Structures are given as C-alpha cells and as structure tokens.
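Trainee: take a look and give me a structure for this.
(one chain, ligands or ions: 1)
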Amino acid sequence: MNRVSFFSFALLCVILTGSVTMPPRFFSAAAPAPRPPAAATDTENGQRWIFTLQYIAGDYDRAVQNGQIVDSLEYSEMQRFAHTVAAAYQSAPTMKKPTAAALLKLEDLIAAKAEAPAVRALCHELAATFIKEMNLIVFPRFSPDLANGEKLFGENCATCHGDCGAGDGPSADTLNPKPRDFTDPHRLQKYAPHQFFQALTFGVEGTAMAAFGEVFTPEERWDLAFYLMTLRRDFRPEAPAADPQLTLKELATHNNQELAALLTPPGRVRRHPLLELTAVIDYARQNPPQPTTDEYLAITERLLKQSLAAYARGDSAQANLFAYDAYWQGFEMIEGKLQYSLYNKFERIFGDYNTCIEKAGQLKQAQGLMKMLLDILQHIRQGKGWRS
Ligand code: HEC
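Mentor: A predicted model of the protein is given here:
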C-alpha cells in the first residue's frame with residue numbers, strides 16, 4: 001500500500017470502526033483521549049517542575065527590573081511558582097538536600113528582587129539537576145527552530161563534527177574518541193532528539209564533548225537537537241497526504257523506529273515499506289507541530305474541565321495537577337498575545353480557583369470560578385481581548 005492509500009485507509013478505519021483498530025493518535029486532535037485519573041508520576045512531576053523553572057527564567061524580567069517590582073501580578077506568580085516547586089520537591093522520592101537548598105535559594109533570590117541573570121542561571125542549573133537526578137526524558141514546550149539550529153551548529157560544532165556533521169571537522173583528527181558522525185543512518189535511526197539534548201546539556205564524560213547547558217538556553221539546545229536529526233545521510237523528508245499528527249513530545253522522545261511503530265496499526269501486517277514511513281517522520285521532524293491558538297484554547301479548556309471533574313470526585317491533588325497543566329500546556333502559550341487586563345483577570349481567577357481546590361468541600365465555589373474561567377476562554381475564542 002502506498003503512503004496515500006495507507007492514510008486514506010487509516011481514515012476509513014476511523015470512520016468505520018472508531019478507535020478500535022487504530023492507535024489513538026490518528027484522531028487525537030478531534031477527540032483528545034481523557035487522561036486517566038491516576039496520580040501524577042514522578043516523571044510528570046519532574047517535567048512540570050522543569051517547565052515551571054523555564055517559565056520563571058523566561059518571564060522574571062517582566063516582574064522585576066533594577067531591583068524594583070515592575071509588575072506585581074507577575075511578581076507574585078514568580079513567588080508562587082518557585083514556592084510550589086520547592087514545596088513539592090520536599091516530598092519527592094529523589095529528594096536531595098543540596099537541591100532542596102538551591103530551591104530555597106531561588107525563593108530567596110526572588111524575595112530579594114535579585115537581577116534576572118542570577119535567577120535565570122539558577123533556574124537552568126536546577127532544571128539540569130532534575131533531569132539528572134530523576135533520569136528524566138524531556139521534551140520542548142515550543143516548536144524548535146531548525147534554521148537557528150543549523151546556524152548554531154555552523155558556529156559552535158562544525159569545527160569538530162564537520163560542516164555536514166560527518167565527524168570530520170578540522171579539529172577532529174586530534175581527538176580520541178573522534179566526534180560523533182551524525183550522518184550514519186543506522187545510528188541515527190536509533191536516536192531521539194532528547195538524547196542529543198541530554199548530551200548537549202551535560203557533555204560526554206571522558207571525551208572532548210563539553211557540556212553546553214550553560215552556553216545555550218533550553219530552546220537553543222532543542223533547535224540543535226532537532227537539527228542534528230536532519231544530518232542523516234538518507235534524510236529525505238516528504239510531506240504526507242494526511243497529517244500523521246505526531247506530537248512534539250513524541251517527536252522529541254521517540255526514535256524513528258519507535259515512531260514508525262506508532263504510525264503502524266497494531267496487529268496488522270505491515271505492507272507499506274518502512275522507508276515511506278521514515279520520509280513522513282523526517283518531514284514531521286523537519287516541520288515540528290506548532291499548535292494554533294484555537295488548539296491552545298481547546299487544551300486549556302479540556303484540562304480545566306478535567307480539573308473540576310477530579311475535584312468533584314474528591315481528588316484535590318489530581319485537580320491541582322490538571323489545573324497546572326491547563327496553564328502550562330495551554331493558556332501560558334497564548335497569554336502574551338492577549339490584552340493585559342484580560343490575562344490579568346484570567347490569572348487572578350485562576351489563582352483563586354487553585355486556592356479553592358486545595359481544600360475539600362468547596363465544590364459550589366470551584367464551579368463558580370470555573371464558569372468564569374471558561375467564559376473568558378469563550379470570549380477569547382470570539383476574537384475579543386487580543387492585543388492589537
Ligand atoms: C571540541 C570538539 C567538539 C565540539 C566543539 C563539539 N563536539 Fe560534540 N562531540 C565531540 C566528541 C569527541 C564526541 C564523541 C563522544 C563519544 O564518542 O561518545 C561528541 C559527541 C556529541 C554528541 C553525542 C552523540 C552520541 O552519540 O551520544 C552530541 C549530541 C554532540 N556531540 C553534539 C554537539 C553539538 C550540537 C555541538 C555544538 C554545540 C558539539 N557537539 C560540539 C566533540 C565536539
């Protein structure tokens with residue numbers, strides 16, 4: 001079956017039989033599968049903390065400049081977020097005293113209205129520590145910019161790894177072991193961008209490969225990690241007839257073989273050659289998905305509703321996590337495009353909602369606050385409240 005008919009077949013299966021024969025990702029955009037109401041795993045918590053730290057690092061200078069609070073709402077958010085991570089980390093199974101102390105130091109820096117570079121450096125250091133301590137598999141929040149990855153590679157990596165990434169740069173001869181060859185198809189089929197991200201962040205011990213965790217921001221490291229994937233000698237992206245709907249997380253954390261398996265309906269003989277799937281995967285890696293504002297609004301709404309449902313079941317902790325996700329995975333991604341008064345209002349009510357669901361038995365109040373939040377989302381969806 002060629003690629004075109006494979007995807008039409010996939011679509012037909014969905015139409016005829018719903019979810020029975022197909023993996024959920026084929027229609028995840030239309031009907032996102034509700035998340036199971038299990039408690040968050042350590043990995044999910046760790047990833048959430050990293051997002052929180054990245055958020056503080058990115059937005060702190062909107063809250064404090066020259067030792068002065070320039071936006072009190074942003075500032076109280078910075079305090080709240082830093083405190084949330086520090087408090088949650090205390091009860092983590094991987095808790096280590098120096099890390100807990102560094103988190104308290106972050107709170108102190110924010111309390112002292114320290115300059116942004118100091119806060120940013122500590123946030124990035126802590127994020128790197130979490131990755132290591134918890135053995136985390138991380139993924140980017142924003143769609144990587146491969147053109148920027150290419151530029152950074154030329155400026156910082158080509159002397160060792162070579163212009164085309166074949167491990168044959170001018171400095172390569174003097175090195176033992178030699179720099180990695182990123183054009184080797186067999187190797188690269190087994191690699192996922194998150195592994196490159198880790199190698200870049202921490203370096204490779206006992207080799208000339210230095211740690212770039214403090215040289216580049218996480219976004220820049222993702223730009224590079226995704227760019228490296230395109231250096232494979234037989235990298236041949238082809239736009240698929242139908243969107244395979246691979247998420248940014250899947251593209252960052254799965255290698256090509258794993259992605260091919262994801263795109264292959266389980267229990268069926270694979271009749272389409274792996275090569276064609278690779279072309280689709282290559283295309284998705286080169287054009288990583290960037291959700292639209294409508295999709296971000298939908299993500300926010302879905303997770304908020306899941307939060308209220310969890311609270312109604314009496315599961316405050318889960319309700320809190322859903323609310324948190326609604327913010328990080330949804331609203332935060334569009335708030336910069338909204339009028340200040342509107343996102344300010346959303347964040348105020350969102351803060352009240354979070355406080356409310358921390359205690360049991362306030363369902364009426366939680367429902368009222370939720371209705372206000374959903375009304376704001378509806379308002380935004382109607383095209384109101386955007387910054388002109
Ligand atoms: C001074 C030379 C040098 C520079 C500069 C350099 N690297 Fe490396 N890099 C190496 C060497 C040597 C290795 C091989 C380590 C090994 O064999 O395990 C390596 C390994 C790696 C790996 C791990 C690959 C794997 O298979 O796990 C990645 C990813 C990587 N480099 C990316 C980069 C990027 C991106 C840059 C630029 C920001 C860069 N390197 C700059 C020398 C260098």
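
Trainee: what's the span of stretch 206-216, first residue to last?
Mentor: End-to-end distance for stretch 206-216: 21 Å, by C-alpha to C-alpha, to the nearest Å.

Trainee: near the ligand at all, it?
Mentor: Yes: for stretch 206-216, a contact with the ligand is found by C-beta under 6 Å from any ligand atom, at 207-209, 212. Quick note: C-beta positions are derived from backbone N, CA and C, even for glycine.

Trainee: what does that stretch rub up against?
Mentor: Stretch 206-216 is contacted by residues 121, 124-125, 128, 152, 156, 160, 175, 177, 179-180, 199-203, 221, 224 when judged by C-beta atoms under 8 Å, 6 or more residues apart in numbering.

Trainee: which positions within that stretch qualify as buried?
Mentor: 209, 212-213, 216 (16 or more other C-beta atoms under 10 Å).

Trainee: just the closest of the residues you listed to residue 104, please.
Mentor: Comparing the buried residues of stretch 206-216 against residue 104 with C-beta to C-beta places residue 213 closest, at 21.8 Å.

Trainee: what pLDDT is listed against that closest one?
Mentor: The predicted local distance difference test score for residue 213 is 82.

Trainee: and it, what helix or strand is that in?
Mentor: Assessed by DSSP states H and E, residue 213 sits outside every helix and strand.

Trainee: phi, psi of it?
Mentor: phi -60, psi -30 (degrees, to the nearest 10).

Trainee: again, but for the one 4 residues further on
Mentor: Listed backbone geometry of residue 217 is phi -70, psi 160, with angles given as degrees, to the nearest 10.

Trainee: so residue 81 sits right up against residue 52, yeah?
Mentor: Yes: with contact defined as C-beta atoms under 8 Å, residue 81 counts as touching residue 52 (5.1 Å).

Trainee: on that earlier part again, farthest-separated two in the buried residues of stretch 206-216?
Mentor: Longest span within the buried residues of stretch 206-216, C-beta to C-beta: 209 and 216, 13.9 Å.

Trainee: any idea how far residue 111 lies from the ligand?
Mentor: Using C-beta to the nearest ligand atom, to the nearest Å, residue 111 is found at 35 Å from the ligand.

Trainee: quick check: closest non-adjacent residue to residue 68.
Mentor: residue 113 (6.9 Å; C-beta to C-beta, 6 or more residues apart in numbering).

Trainee: hang on, isn't that neighbour packed against residue 64?
Mentor: Yes: assessed by C-beta under 8 Å, residue 113 is found in contact with residue 64 at 4.9 Å.

Trainee: of those two, who's got more company?
Mentor: A side-by-side neighbour count of residue 113 and residue 64, using other C-beta atoms under 10 Å, places residue 64 first with 22 against 17.

Trainee: neighbours around residue 302, how many?
Mentor: Using other C-beta under 10 Å, the number of residues around residue 302 comes to 18.

Trainee: and it, what helix or strand is that in?
Mentor: helix 293-312.

Trainee: which helices and strands sit right next to that helix?
Mentor: helix 316-325, helix 363-381 (3 or more C-beta pairs under 8 Å, 6 or more residues apart in numbering; DSSP states H and E).

Trainee: of the ones you listed, which approaches residue 338 most closely?
Mentor: helix 363-381 (6.9 Å).

Trainee: gap between that closest one and the chain center?
Mentor: 26 Å (C-alpha atoms, centre = their mean, to the nearest Å).

Trainee: what are the buried residues along that helix?
Mentor: 366, 369-370, 372-373, 376-377, 380.

Trainee: what does stretch 232-242 give?
Mentor: Here stretch 232-242 shows 232, 235, 237, 240 as buried, counting by 16+ other C-beta under 10 Å.

Trainee: for the residue nearest to the second one when sequence neighbours are not counted, what are its contacts?
Mentor: Computed as C-beta to C-beta, 6+ apart, the closest residue to residue 235 that is not its neighbour in sequence is residue 282, at 5.5 Å. Applying C-beta under 8 Å, 6+ apart, one finds that residue 282 lies in contact with 230, 235-238.

Trainee: for this protein, longest helix please?
Mentor: When the chain is parsed with DSSP state H, its longest helix is helix 42-63.

Trainee: so which bits of that one are buried?
Mentor: Quick answer for helix 42-63 (16+ other C-beta under 10 Å): 45-60, 62-63.

Trainee: right, and residue 88 touches residue 45 too?
Mentor: Yes: counting by C-beta under 8 Å, residue 88 does reach residue 45; the two are 6.6 Å apart.

Trainee: right, I'll leave it there.
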